[in-house]
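Visitor: sharing a model that was predicted from the sequence below.
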Amino acid sequence: MLRVSSTASLALLLAVSSPAWAQQPAAPKPAAVPSENRVLLDLSGQIDALGRQVRELRGAIEETGNRVEVFKDRQDKSERRQSDLYNDLDGRARRIEQLAKEDAEARKKLAAQLAEVEGRLKKLEAAAQAASPASAQQFSDLDARLKKLEGAGGSTNAVVDIDARLKKLEAAGGAAASLSQLGELDLRLRKLESAAIPSPVIAAVPPPGAASAPASVTAPPVRESEAARMAYDAALAKHRAGDSQGAVNDFDAFLSTYKLHELTPNAQYWLGEAYFRLKKYPNAIAALQKLLVSYPETNKVPDAMVVLANAQSESGDTVGARRTLEELIAKHPLTDAAEKARQRLVRLK
C-alpha cells in the first residue's frame, strides 16, 4: 500500500511542475483503485481470521484452565480420601492390637480362674472323703425310713422320686455325696412322712437305734426350714404364672423373714427379675446389685448380671450395661449367661 501511494504522489508532482503535462489530461488508471481495495479487503479478512483464531485460542485456554481446576479438585479429594482410609485402617489396626492384648489378658485370667476352681474342687473332694462315714450312716437311716414310708402308703410318685435320688447318690458313692444333698433329701422325706397319714394323730417313725415312742403322738409343728421352702415355692409359682406383683410381695416378705436361709440368694434373684418384668428398672437394679454384693458365690450371679445389664439398658444406662456384660464375660466366660452377654454386646454397639 505504501508503494501505490508514492506512485500517485509522484504523478501529481510532475503534473504541477510541467505545463505540458498540466495541459494534457491524466490518463485514467482504472486498475489502481480496485487493486488497493483488494489489498485492503485481503488484509481485513486476514485480521478477521486472526481475531477468530485468537478467540478460539482464548476459549481453548479457558477450557484447559477449567480442566486443570477439575483435575486439581479431584486430586485433592483423592488425597483426602487416601488420608481418611489410612487413618481408618490405622485405627482399626490399633483396635485389633488392643483386642489381642485384652484377649491375652482374658486368657490369663481364665487360666487363673481354672486353677482356682481346680483347687476348690480338690478341697471339696477331700471334704467329701472325710465325710464319707457320716454319709453312709445317713444313707442307711434314709433307706430304712423310705421302706417304712412305702409300707405306710405314701405318695407313689414321691417315693419313686426319692428312691431314684437315693440310688443316684448311692451310685456316686458315699464319699462323693455332699451333706447338703443328704440334708435336702432328709427334709423331703420328713415332708412325705408327715403327709403319709392325714390324721392329726400319727404313728411316730423313730430312726434306727432310737428308743421306742408312744403308740400315738400329736404331729410335730412345721419346722422353720419347711415353712421357708413353702413360702419360697409359693412366691416362685406366682412369678412363673405371670403374677409379678404378687411374686414381688412374697419374695420381699421371704427376704424379710428368712435372711440367712439357703434359699435367700435365689429369692433375691427372683425379686430382681420380678421387678424387671414389672418394668420397675431402678428396683430391679437395686435388688440384683444387692445379690452380687451379698452373695457373690451363688450360682445365680451370671444370670443376675444378664438381667441387671438388661435393666440398665432399658433405663438408659448403656455404658453401665456394657460394663456389666463385659464383667460377666471376664468372670464367668464358660457359662450360658456369658454367651448371652456376648450376643447382647453385639446389639448394644
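Guide: Now that the structure is in, tell me what you want to look at. Residues are numbered from 1 along each chain as shown.
Visitor: what's around residue 289, how many residues?
Guide: Using other C-beta atoms under 10 Å, residue 289 has 17 other residues around it. C-beta coordinates here come from the backbone N, C-alpha and C atoms, glycine included.
Visitor: for residue 318, which non-adjacent residue is spatially closest?
Guide: Distance criterion C-beta to C-beta, 6 or more residues apart in numbering; nearest residue to residue 318, sequence neighbours excluded, is residue 348 at 6.3 Å.
Visitor: I figured that neighbour hits residue 323, correct?
Guide: No. Assessed by C-beta atoms under 8 Å, residue 348 is found out of contact with residue 323, at 10.9 Å.
Visitor: state the distance from the residue nearest to residue 318 to residue 264.
Guide: Distance, residue 348 to residue 264, using C-beta to C-beta, to the nearest Å: 32 Å.
Visitor: with neighbour numbers in mind, choose between those two.
Guide: Neighbour count, other C-beta under 10 Å: between residue 348 and residue 264, residue 264 has more, with 20 against 13.
Visitor: do you know how far that one is from residue 270?
Guide: Residue 264 is 11 Å from residue 270, where distance means C-beta to C-beta.
Visitor: contacts only, for the residue nearest to residue 327 when sequence neighbours are not counted.
Guide: Closest residue in space to residue 327, ignoring its immediate chain neighbours: residue 305 at 7.0 Å, by C-beta to C-beta, 6+ apart. The neighbours of residue 305, taking C-beta atoms under 8 Å, 6 or more residues apart in numbering as the test, are 288, 292, 324-325, 327-328, 332, 337, 341.
Visitor: beyond the strand or helix carrying residue 292, next helix or strand please.
Guide: Secondary structure from DSSP states H and E places residue 292 in helix 281-294. Going down the chain from helix 281-294, the next helix or strand is helix 301-314, by DSSP H and E.
Visitor: check which residues of that next one are buried.
Guide: 301-313 (16 or more other C-beta atoms under 10 Å).
Visitor: pull out the CA atoms of whatever helix or strand comes next after it and give them to me as CSV.
Guide: Per DSSP H and E, the first helix or strand lying C-terminal to helix 301-314 is helix 318-331. Extracted C-alpha coordinates of helix 318-331, given in CSV (Å, rounded to 0.1, in the frame of the first residue of the first chain):
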residue,chain,number,x,y,z
THR,A,318,-25.9,-48.1,78.1
VAL,A,319,-22.4,-47.6,79.5
GLY,A,320,-23.3,-49.4,82.7
ALA,A,321,-25.0,-52.2,80.8
ARG,A,322,-21.8,-52.7,78.6
ARG,A,323,-19.6,-52.7,81.8
THR,A,324,-21.8,-55.3,83.4
LEU,A,325,-21.8,-57.6,80.4
GLU,A,326,-18.0,-57.3,79.9
GLU,A,327,-17.5,-58.1,83.6
LEU,A,328,-19.8,-61.2,83.3
ILE,A,329,-17.8,-62.5,80.3
ALA,A,330,-14.5,-61.9,82.1
LYS,A,331,-15.5,-63.6,85.4
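Visitor: for the record, mean pLDDT for helix 318-331?
Guide: Regarding helix 318-331, the rounded mean pLDDT is 94.
Visitor: which residues does it contact?
Guide: So helix 318-331 is contacted by 106, 109, 113, 302, 305-306, 308-310, 312-313, 337-338, 341-342, 344-345, 348 (C-beta under 8 Å, 6+ apart).
Visitor: can I get the next helix or strand after it in CSV? Just the C-alpha atoms.
Guide: Downstream of helix 318-331, the first helix or strand assigned by DSSP H and E is helix 336-348. Output of helix 336-348 as CSV, limited to C-alpha atoms (Å, rounded to 0.1, in the frame of the first residue of the first chain):
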residue,chain,number,x,y,z
ASP,A,336,-24.5,-69.8,79.2
ALA,A,337,-25.1,-66.4,80.6
ALA,A,338,-21.7,-65.3,79.2
GLU,A,339,-22.8,-66.4,75.7
LYS,A,340,-26.0,-64.3,76.1
ALA,A,341,-23.8,-61.4,77.2
ARG,A,342,-21.7,-61.7,74.0
GLN,A,343,-24.8,-61.6,71.8
ARG,A,344,-26.2,-58.7,73.9
LEU,A,345,-23.0,-56.7,73.5
VAL,A,346,-23.2,-57.0,69.7
ARG,A,347,-26.7,-55.5,69.8
LEU,A,348,-25.6,-52.7,72.1
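Visitor: other residues contacting helix 336-348?
Guide: Under C-beta under 8 Å, 6+ apart, the answer for helix 336-348 is 302-303, 305-306, 309-310, 313, 318, 321-322, 325-326, 328-329, 332.
Visitor: ok, now with 7 Å
Guide: Contact with helix 336-348 is made by 302-303, 305-306, 309, 313, 318, 321-322, 325, 328-329, 332, as judged by C-beta atoms under 7 Å, 6 or more residues apart in numbering.
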